[in-house]
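Student: With the input below, show me the fold.
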Amino acid sequence: MPLAAVMADVLLAPWLVILPLAGALLAGLWPAAARWWGLLTALLTLVMALLLALQVHAQGPVILDLGGWAPPLGITLVVDGLASLMVLMTAGVGLAISLYALGYLGGTDRGRWFWVLWLWLWAAMNALYLSGDVFNLYVTLELVVLASVALVALAGGAAPLVAAMRYLLVSLLGSMAYLMGVALLYGAYGTLDLQGLGAQVVLSSAPMLAAVLMTVGLLAKSALFPLHVWLPPAHGSAPAPVSAALSALVVKVSFYLILRLWLTVFPALPLSGLDVLMGALAAGAVLWGGLMALRGPRLKQVVAYSTVAQVGYLFLLFPFLRAHPEGWKAVVFFAVAHGVAKAAVFLAAGTLQRAAGHDRLAELGAVMRGRLKTSFALGIAGAGLVGLPFTGGFIAKWLLVQTALEAGLWIWALVVLGGGLLAGAYVFRLLGPAFEPGPADRGRPLPAVMEWAPLALALLTIGLGFAGSPALSLLARTLAGGGG
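Tutor: Residues are numbered from 1 along each chain as shown. Alright, predicted model coming up:
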């Protein structure tokens, strides 16, 4: 029997939420074996995510009413190309983070709490990607934020705690704005279902105000310039596996939600003016984040500010949505390529920091020369961030530039190209100490998995350089415009 036929009878989507939740519960109940429960959960979740992507690619999108209860009483899952690709990216990066955490945290008490929170975060992200109504999206988004804040504070000390509280306060403000938008939509249309709203929303004051509130609230959570002030301290202060999860995965959650809303709920609303504003903010993010990364004296600080810059590319979404009906697919592929490359960079940075006992760039040369696998991973993943050939970043930026030129948006093509030059400059800063003359020193002894996990992700960055066509084919199976 063909694989697609076998999978047709299996409800895969709920298991992508159930598995991480069960893993978190088992890690909490048996703390001595928490890391092994975490690793097993990560492996199983990746398998389920891959099967889900294959199922959607073969059969097209599906809307599931859990327990047979239809909206508004039931919980609806939307399983389409966009959701399944984001779930698959999260699973691939999540497995690498889990492997890395085995060595980074070991069997420590802090490690026990990491596994509970990390698996809880993973379950919340998968639930958000698959949720089919705007209120469940709000609930899952809050679960993502609460788990992320706790993970930032897990590092201990004053700086991580302050960073975590700043992150929490900004996120709460964003949540209030989003929830007000949900209330407006429910008051106007009497439903919260994505497809039902998409079929009813027309140009009027209530959905316009709801769209503004929900988008602005999510922009704060996405850390788009100038609402980015919480991101560098939070990502730079957190433990390395947490930094990788935050920069590679968590910032994509709010972006995904904005994209889902504008594809499904608000396609009837005009983007005139909004596209220019969002494009300007995106360009500001690319420029400001790149310049701050060029000035940062510490490795993780440079990588954190590069996230500010890279987030900017995601919000070229709005000019593309208005001028090119398929342009959002290029932005989503960029989000996937960035997620893999940025996780590799943060994990490699964590290895160098742990080996050297610090992350001062000017003093890392000896350790970088002594740990060539880690430096190699940093270089390959950095090439992905720049957008050099044979990496997923190259395909992503090629698609962005191609989309901009096809739509006559040459100014946004220049932003992408200029951002690539800035990225090249700060990635060279990261790698520069390795090429300085001097002795090599491996520094403190570390588990081998702390070098192999970032290297595996870096090689996956190259693999994505050949995965543009399958990814775009999967994205073609995305529900939009009220189910159209």
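
Student: For stretch 419-434, C-alpha coordinates in CSV please.
Tutor: The C-alpha coordinates for stretch 419-434 follow below in CSV (Å, rounded to 0.1, in the frame of the first residue of the first chain):
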residue,chain,number,x,y,z
GLY,A,419,21.8,43.9,3.9
GLY,A,420,23.8,41.0,2.4
LEU,A,421,26.9,43.3,2.3
LEU,A,422,26.4,44.3,5.9
ALA,A,423,25.9,40.7,6.9
GLY,A,424,29.2,39.8,5.1
ALA,A,425,31.0,42.5,7.1
TYR,A,426,29.8,41.3,10.5
VAL,A,427,30.2,37.6,9.7
PHE,A,428,33.8,38.5,8.7
ARG,A,429,34.2,40.1,12.2
LEU,A,430,33.0,36.8,13.7
LEU,A,431,35.5,34.7,11.8
GLY,A,432,38.4,37.2,11.7
PRO,A,433,40.0,36.1,15.0
ALA,A,434,40.4,32.6,13.6
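
Student: Mind listing what's buried along that stretch?
Tutor: For stretch 419-434, burial by neighbour count (16 or more other C-beta atoms under 10 Å) applies to Gly419, Gly420, Leu422, Ala423, Gly424, Tyr426, Val427, Arg429, Leu430, Pro433, Ala434. For the C-beta atoms, the positions are set from N, CA and C on the backbone; glycine is no exception.

Student: One more: stretch 225-232?
Tutor: Phe225, Leu227, His228, Trp230, Leu231, Pro232.

Student: Just the ones of those in helices?
Tutor: Counting by DSSP state H, the buried residues of stretch 225-232 place Leu231, Pro232 in helices.

Student: Of the buried residues of stretch 225-232, just say which sits nearest to Val253.
Tutor: Leu231 (13.6 Å; C-beta to C-beta).

Student: so how far is Tyr100 from that closest one?
Tutor: 21 Å (C-beta to C-beta, to the nearest Å).

Student: residue closest to the middle of this structure?
Tutor: Leu249 (2.6 Å; C-alpha atoms, centre = their mean).

Student: I figured that one was touching Ala91, is that so?
Tutor: No. If you go by C-beta atoms under 8 Å, Leu249 and Ala91 don't touch, sitting 10.2 Å apart.

Student: would you list every one of the helices in the stretch 301-450 of the chain?
Tutor: 317-323, 327-356, 365-370, 372-386, 392-406, 410-431, 449-464 (DSSP state H, counting those that start in this stretch).

Student: Which one, of those, ends up nearest to Leu128?
Tutor: helix 327-356 (14.3 Å).

Student: what's the neighbour count on Ala34?
Tutor: The local packing of Ala34 (other C-beta atoms under 10 Å) involves 25 other residues.

Student: List the contacts of it.
Tutor: Applying C-beta atoms under 8 Å, 6 or more residues apart in numbering, we find Ala34 in contact with Ala27, Gly28, Gly111, Arg112, Trp115, Val116.

Student: Rounded mean pLDDT for stretch 322-336, please.
Tutor: For stretch 322-336, mean pLDDT is 88.

Student: Check stretch 282-297 too.
Tutor: pLDDT averaged over stretch 282-297 gives 90.

Student: Now it: buried residues?
Tutor: Buried-residue list, stretch 282-297, by 16+ other C-beta under 10 Å: Ala282, Ala283, Gly284, Ala285, Val286, Leu287, Trp288, Gly289, Gly290, Met292, Ala293, Gly296.

Student: Surely Met89 and Val336 touch.
Tutor: Yes. Met89 is in contact with Val336 according to C-beta under 8 Å; the separation is 4.7 Å.

Student: mind checking how far Ala91 is from Ala210?
Tutor: Ala91 is 32 Å from Ala210, by C-beta to C-beta.

Student: which element is Leu277 on?
Tutor: helix 274-295 (DSSP states H and E).

Student: how far out from the middle of the chain is that helix?
Tutor: 18 Å (C-alpha atoms, centre = their mean, to the nearest Å).

Student: Burial check on the closest residue to Leu388 other than its chain neighbours, number of neighbours?
Tutor: Among residues not flanking Leu388 along the chain, Phe394 sits closest, at 5.8 Å (C-beta to C-beta, 6 or more residues apart in numbering). The local packing of Phe394 (other C-beta under 10 Å) involves 22 other residues.
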